[in-house]
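# Provided below are the primary sequence and the corresponding predicted coordinates.
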2 protein chains.
Amino acid sequence: METGDETRFDRGDETPERLKGQLSRLVGMTAAQLRRVAGDALGAVGARKDHFVVLATLAEFGSASQAALSDRTRIYKSDLVAVLNDLADGGWVRRAPDPVDRRRNVVTLTDSGERRLAELDRVLADVNERVMAPLDHDERRQLFALLGRVNAHLDTPPGRPGHA
Amino acid sequence: METGDETRFDRGDETPERLKGQLSRLVGMTAAQLRRVAGDALGAVGARKDHFVVLATLAEFGSASQAALSDRTRIYKSDLVAVLNDLADGGWVRRAPDPVDRRRNVVTLTDSGERRLAELDRVLADVNERVMAPLDHDERRQLFALLGRVNAHLDTPPGRPGHA
DNA sequence: CTGTTGCGTTAGTGGTACTAACGATATACG
DNA sequence: CGTATATCGTTAGTACCACTAACGCAACAG
């Protein structure tokens, strides 16, 4: 092989200049690849990631209105409609008008919804395992902790200094 | 109920169930916020992130064809067209046919392109600083290293064990 | 009854990742 | 030479994701 070919990343002594120093780029690239891997895995069983998010939220917090689901999942209420349509079509959730406030729909996880959640959970756990393969247990914990802190910090830009 | 409203994340002793264990979700949320912050900052000076990526690549590796740029930046050649149009409109790059192979364009950084790069570099360094504010120097290094390893691992899914 | 607010829905925007095809040029082979 | 094939830049289009705007409806406060 000629030398000039595989320069890619390891320039070694030369300062990596601008590109590598940007956390946004590194996180962005990682996220894109993660999204792809997870999306493919979910797509293989006819699901999307928001399906998992909604099912998991229903399982953890119980039945809820769409507005509450939107708050808890960070899925915009406008996008939630299609997700719930999918889930209702699959029989994984029921969407019924709330008798006490007829503006609301009460979304409820069905039995087959719980099974669906377990299935998607397995799929994603598998993806997670593949993705984090190069890291040992401690390193995984560190990565989660560091990302979690950055994430929490980005979540509260103004005001809200602590939980006062 | 006691706390009622602000249950959000800190359930504490209860296992975080499914949602928090997914690296894809944590990385995805962080990436989304980063993209937003960086995108806003760049947008404030009329740029996009790919502008920075291309300018930085030209500065580091020198003039190149669009195909070479596409390889180095991971920007699809189809998307690169618009980016280079923007950059050429701003006078930051020149795009001239290659005399030795007239299929190619040679893309060259101009002087004002170097200045533009410095400007965007400042903007992004600022973003980077804001984003990583909660982490000290060592933690930043750790985060980069861990993400870098995951990222590198995702980059080489099949075969290619080493540079054999 | 009237204005306001919250709810679910529809529609649309803009950015990002990705594929397909095409005209033009370059290269390889017979 | 000629013809097949590959590469280059470009156009167009797909799909997903994050996000906004507006609308009809129900609830509620006055």
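Perfect, thanks for sending it.

# let's verify A:Ala133: helix, strand, or coil?
For A:Ala133, the secondary-structure state derived from DSSP: H, G, I helix; E, B strand; the rest coil is coil.

# which ones are touching it?
B:His153 (CB atoms under 8 Å, 6 or more residues apart in numbering or on different chains). Yep, even glycine has a C-beta here, placed from its N, CA and C like the rest.

# can you do 10 Å?
A:Ala133 makes contact with B:Arg149, B:Val150, B:His153, B:Leu154 under the criterion CB atoms under 10 Å, 6 or more residues apart in numbering or on different chains.

# I'd like these laid out as JSON lines, including distance to chain A and secondary structure.
Formatted as JSON lines, the contacts of A:Ala133 follow (distance: CB to the nearest CB, whole Å; DSSP: H, G, I helix; E, B strand; the rest coil):
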{"residue": "B:Arg149", "distance to chain A": "5", "secondary structure": "helix"}
{"residue": "B:Val150", "distance to chain A": "6", "secondary structure": "helix"}
{"residue": "B:His153", "distance to chain A": "5", "secondary structure": "helix"}
{"residue": "B:Leu154", "distance to chain A": "4", "secondary structure": "helix"}
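
# tell me how far A:Leu87 lies from A:Gly113.
7 Å (CB to CB, to the nearest Å).

# please apply the same query to A:Gln33.
29 Å.

# who has more neighbours, these two?
A:Gly113 (22 against 19; other CB atoms under 10 Å in any protein chain shown).

# now that one: closest residue in space that isn't a chain neighbour?
Of all residues not flanking A:Gly113 in the chain, A:Trp92 sits nearest, at 3.6 Å (CB to CB, 6 or more residues apart in numbering or on different chains).

# so how far is A:Ala82 from that neighbour?
14 Å.

# so for those two, which sits in the more crowded spot?
Neighbour tally, A:Trp92 and A:Ala82, criterion other CB under 10 Å: the higher count belongs to A:Trp92, 24 against 12.

# any weak-confidence spans in chain A?
For chain A, the stretches with pLDDT under 70 are A:1-17, A:156-164.

# near DNA strand D, which residues of it are found?
Within chain A, the residues that sit near DNA strand D (CB under 7 Å from any atom of the strand) are A:35, A:39, A:43, A:48-50, A:75-76, A:78-79, A:101-103.

# just the buried residues from those, in PyMOL please.
Only the buried entries of those go into this PyMOL selection, using 16 or more other CB atoms under 10 Å in any protein chain shown:
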select buried, chain A and resi 48+49+50+75
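
# report the two of the residues of chain A next to DNA strand D separated the most.
Across these, the longest distance by CB to CB is 38.0 Å; it joins A:Arg35 and A:Arg102.

# residue of chain A nearest chain B, please.
A:Ala31 (3.4 Å; CB to the nearest CB).

# could you check how many residues crowd around A:Thr30?
Neighbours around A:Thr30, by other CB under 10 Å: 26.

# let me know the helix or strand that the closest residue to it other than its chain neighbours is in.
In space, and not counting its chain neighbours, A:Thr30 is closest to B:Asn151: 4.8 Å by CB to CB, 6+ apart. B:Asn151 belongs to helix B:137-155 when assigned by DSSP states H and E.

# what comes up buried for that helix?
Those would be B:Glu139, B:Gln142, B:Leu143, B:Phe144, B:Leu146, B:Leu147, B:Arg149, B:Val150, B:Asn151, B:His153, B:Leu154, for helix B:137-155 by 16+ other CB under 10 Å.
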